[in-house]
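In: here is my input; please provide its structure:
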Amino acid sequence: MIVRSVFGKRRGQKKAPPSSYASLAGWDEPTLPATPAVQPTRPPRPRPRPAARERPAPNPDRPRRSRAERARRLVLALFILFVGVPALLSGLAYWGAEIPDPAAVQTNQIATILAADSTTVISKVVPPDGNRTPVPLSEVPQHVRDAVLAAEDRTFYTNAGYSTSGFLRASRDNLLGRENAGGGSTITQQYVKNAFLGSERTVSRKMRELIIAAKMSRQWSKDDILSAYLNTVYYGRGAYGIAAASRAYFGKDPIHLSRAEGAVLAAVLRTPSLLDPETHLPDLKARWQYVLDGMVEMGVLAPGDHGVTRFPDILPITEMPLANEARGPEGLIRTQVLRELRASGISESDLNTGALQITTTIDARAQQAALGAITDRLGPQPPELRGAVVSIDPRSGAVRAYYGGTDGIGYDFAQAPLQTGSAFKVFAAIAAQQQSIPLHRVMDSSPVTDRGTKISNVDGESCGKCSIAEALKRSLNTTFYRLTMTMFNGPGAIADAAHQAGIPEEIPGVAGKTLTEDGGRPLNGIVLGQYLVRPIDMASAYATIANSGVYHQPYFVQRVVTGDGRVLLDRGAPETRVGQQLPDGEQRIPRHIAENTVAAMAPIAAYSNGHALAEGRPTGAKTGTTQLGESDWNKDAWMIGFTPSLSTAVWVGSEQSQPIRTARGADIYGSGLPADIWKQVMDGTLSGTPVEPLPEPAAPAASQGLIPGTPSGGPYDILNPQNQAPQPEREPAIVFPPGPGPGEVEIFPGFSFPVPR
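Out: Numbers count the residues shown, from 1 in each chain. Now for the predicted structure:
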């Protein structure tokens, strides 16, 4: 029975659904009053904390997992975690690993520095991590290869490039922190570690090693892998690669190794430091026996041959051939070559991995002449004496001989900033001609006083009044000091002429611009060699004069070729350029001025204690000597001279500023010991070559100081212009240029500076 309430609802009737469904159900939706716009706010009621949820009761219909099923699920999870994921990552790493072509792999190798003949070895450049010299596998005897396989990887030709047992053992040892972790690698793995990965002891590195080795074993031939391994592995004694090791232990090339010697090299591979024959010979012999036993086991050595094989003699470490010859005089050439390679854009990587053949400009004969002259002339002299020799080809700038000291990694005196003495007067002669002052201009040679400093000549020598050319031959300080003061901006003009000839405006060891007074104006003392210049700069500047005023920058490197034949640098064949100007030559000094200067320098070698060259070979030369402080002692002595094909600068001095004397106690002047060395170098280098004449000087024009009516025809004698019409004797006015006030000195401070010839 259905009972209705007073509101018309049936007791027990369900609440009507929402309006969207009411009409469909046939129910009447009651009309509700409108909701007010603003509802009255009620204070928030504190919410009761929810009661703890009760764990649902187990479903009796769901079957319970058995212990076996749970174990299977655990095993599956562990398999995915420790096998599936690593396998996936390994697969990705395998396919992502890039294995280069065997020919493209670059390893550190020795670069060889050769003389200009491309055969004479001057020095070698050893990379930081060893002295590798790669050799093809065909030059490694089969019994040596077998010995290496017996020692390191007896299944090399059949394995997949890796050892699973070795990997697991290495992983275990690394996890346990054992010091000897990481053993058991195949030859392929060892090569991958040496060439690509390094020796870090971690599981990840070992994993990468295994992956790369596996892929390399599929892409490279076994012979390529073995060849790469033999040429890169460390054998001890600082030897990387089979070629260096063969020379370090037995003093021979690999192709000449015997079976016993090959087994020694294979034996030391395991731990070279702990199997060194000098300190651990019994351990090395035991390992050597193990290698021979392995060769028998592999079937590459008959048991009978094992019994008759004797342990070979090994070179004492003191008799090892040195791969790096930098400690001799040639080491300084090596330094200059490396500097030039860097400047030309050849990278450290090219130098260390390219097996470069670096052909220099050094003439083997000229270099031997320089070394012989230094030994012969300085050998009997006091031990504190030092020397420098630089020879340059005027036509190209090629450095033909270079000596800066006996220690190849020590101080280089050919690059040392030094005072040049009277050798600098040549640039005053050039500057004078540039201001239309001819070299036949007659000047007074009597002493001159400049701001309280008296300038005189050695031993009071004087020519009275003579030409500038004659004063250059006699090296008269007074004449050239007057000449400097006569010219417009004389010190600056001389500095400019020297820079034009080839003296750099900046050199290491000299602050600011060269040939200046602390970067300001040069002083009058420049004409007497006050400022610092290097021997190589003087050889270069004189080469410009010899080459009729055409300058070429000095250089050491002629050609650079990699081990695989790529040419990195080539300046052309110098022998095709004899008698020709190179494209990079620059006419720095007017031709007639340079050739007139050469003519003025021509008699000086013979005049300086008879140092004319053999075979009557014409030369231009100048000596120079500087003094030690205010004393009468000499500290630097120079001889610089040239033929059309060779310019040589020689300096003799000491490492510390001190008096220089011969073994007999006599002072050393430029016309003495340096001139002896110069003549021996020039004669030794040029002997048997054509005798080349010096260029003939140009007759001066009227604007250069001659009166009209100068005879023409025939060569002009710059030292004896008497064949020209007579000149009125003129004494040029002495003009003191602005400079320091009274009491300050414009040459070597505080003393008279006589510079002997």
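
In: which strands border the helix or strand hosting S647, and is each parallel or antiparallel?
Out: Using DSSP states H and E, S647 sits within strand 646-654. Paired strands of strand 646-654, with direction, are strand 385-392 (antiparallel), strand 634-643 (antiparallel) (DSSP bridges).

In: in it, what counts as buried?
Out: Across strand 646-654, burial judged by 16 or more other C-beta atoms under 10 Å covers 646-654. Placement of C-beta: from N, CA and C, glycine included.

In: could you dump the residues you listed into CSV and include pLDDT and distance to W220?
Out: Compiled in CSV, the buried residues of strand 646-654 are given as follows (pLDDT from 0 to 100; distance: C-beta to C-beta, whole Å):
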residue, pLDDT, distance to W220
L646, 98, 53
S647, 98, 54
T648, 98, 54
A649, 98, 55
V650, 98, 57
W651, 98, 57
V652, 97, 60
G653, 96, 59
S654, 95, 60
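
In: quick check, nearest of those to I494?
Out: I494 lies nearest to A649 out of the buried residues of strand 646-654, by C-beta to C-beta, at 18.6 Å.

In: does the residue lying closest to the closest one once chain neighbours are set aside belong to a helix or a strand, and which?
Out: Closest residue to A649 apart from its sequence neighbours, by C-beta to C-beta, 6 or more residues apart in numbering: A539 at 3.8 Å. Here A539 sits within helix 535-546, counting by DSSP H and E.

In: tell me which strands and helices that helix is in contact with?
Out: Contacts defined by 3 or more C-beta pairs under 8 Å, 6 or more residues apart in numbering; DSSP states H and E place helix 535-546 against strand 385-392, helix 425-434, helix 490-501, strand 550-551, helix 591-601, strand 620-627, strand 634-643, strand 646-654.

In: quick one: which of these is nearest Y531?
Out: Per C-beta to C-beta, nearest to Y531 of the helices and strands packed on helix 535-546: helix 490-501, 8.1 Å.

In: relative to F488, which of the strands paired with strand 646-654 is closest?
Out: Closest among those, using C-beta to C-beta: strand 634-643, at 27.2 Å.

In: give me the buried stretch members for stretch 247-259, please.
Out: 247-250, 254, 257-259.

In: picking that back up, quick one: which of the buried residues of strand 646-654 is nearest to P277?
Out: S654 (44.9 Å).

In: give the contact list for the nearest residue to the closest one once chain neighbours are set aside.
Out: What sits nearest to S654 in space, not counting adjacent residues and going by C-beta to C-beta, 6+ apart, is E384, at 5.0 Å. Applying C-beta atoms under 8 Å, 6 or more residues apart in numbering to E384 gives the contacts 654-656, 658.

In: helix, strand or coil for I113?
Out: At I113 the chain is in strand, as set by DSSP: H, G, I helix; E, B strand; the rest coil.

In: can you give me the neighbour number for it?
Out: 25 (other C-beta atoms under 10 Å).

In: just checking, L226 touches D153?
Out: No. With contacts defined as C-beta atoms under 8 Å, L226 does not count as touching D153, sitting 9.3 Å away.

In: overlap of the contact sets of those two?
Out: By C-beta under 8 Å, 6+ apart, the residues touching both L226 and D153 are I187.

In: residues in contact with the residue nearest to the spatial centre of the chain?
Out: Nearest to the mean C-alpha position of the chain, by C-alpha atoms, centre = their mean, lies L338 at 2.6 Å. By C-beta under 8 Å, 6+ apart, the residues touching L338 are 125, 351.

In: so it belongs to a helix, correct?
Out: Yes. Under three-state DSSP, L338 sits within a helix.

In: look at it and report its pLDDT.
Out: Listed pLDDT for L338 reads 93.

In: run a quick neighbour tally on R534.
Out: By the measure other C-beta under 10 Å, the count of residues near R534 is 28.

In: any idea how the protein splits into domains?
Out: The record's domain split for the chain, according to automatic domain parsing, is 114-130+326-416+538-577+637-690, 132-319, 419-533+695-757.

In: what comes up buried for stretch 461-473?
Out: In stretch 461-473, counting by 16+ other C-beta under 10 Å, buried: 461-463, 465-473.

In: please apply the same query to stretch 350-359.
Out: Across stretch 350-359, burial judged by 16+ other C-beta under 10 Å covers 350-359.

In: filter these down to just the ones in helices.
Out: Taking DSSP state H, the ones among those that sit in helices are 350-353.

In: my guess is A637 contacts D676. True?
Out: No. In this structure A637 lies outside contact range of D676 using C-beta under 8 Å: 10.8 Å.

In: which one of those two has more residues nearby?
Out: In this view A637 and D676 are compared by other C-beta under 10 Å, and A637 has more residues nearby, 28 against 19.

In: any chance of the helices and strands packed on helix 535-546 in CSV, plus distance to P508?
Out: Output for these, formatted as CSV (distance: least, C-beta to C-beta, whole Å):
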stretch, distance to P508
strand 385-392, 15
helix 425-434, 22
helix 490-501, 17
strand 550-551, 20
helix 591-601, 28
strand 620-627, 21
strand 634-643, 19
strand 646-654, 17
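
In: so which of the ones you listed gets nearest Q289?
Out: strand 385-392 (55.2 Å).

In: and that closest one with helix 535-546, angle?
Out: Regarding strand 385-392 and helix 535-546, their directions subtend 40 degrees when assessed with axes from the mean of the first three to the mean of the last three C-alpha atoms, to 10 degrees.

In: what lines up beside the following helix or strand past strand 385-392 in the sheet?
Out: Helices and strands here follow DSSP H and E; after strand 385-392, the next one along the chain is strand 399-403. Paired strands of strand 399-403, with direction, are strand 385-392 (antiparallel) (DSSP bridges).

In: for the strand it pairs with, the averaged confidence score.
Out: pLDDT averaged over strand 385-392 gives 98.
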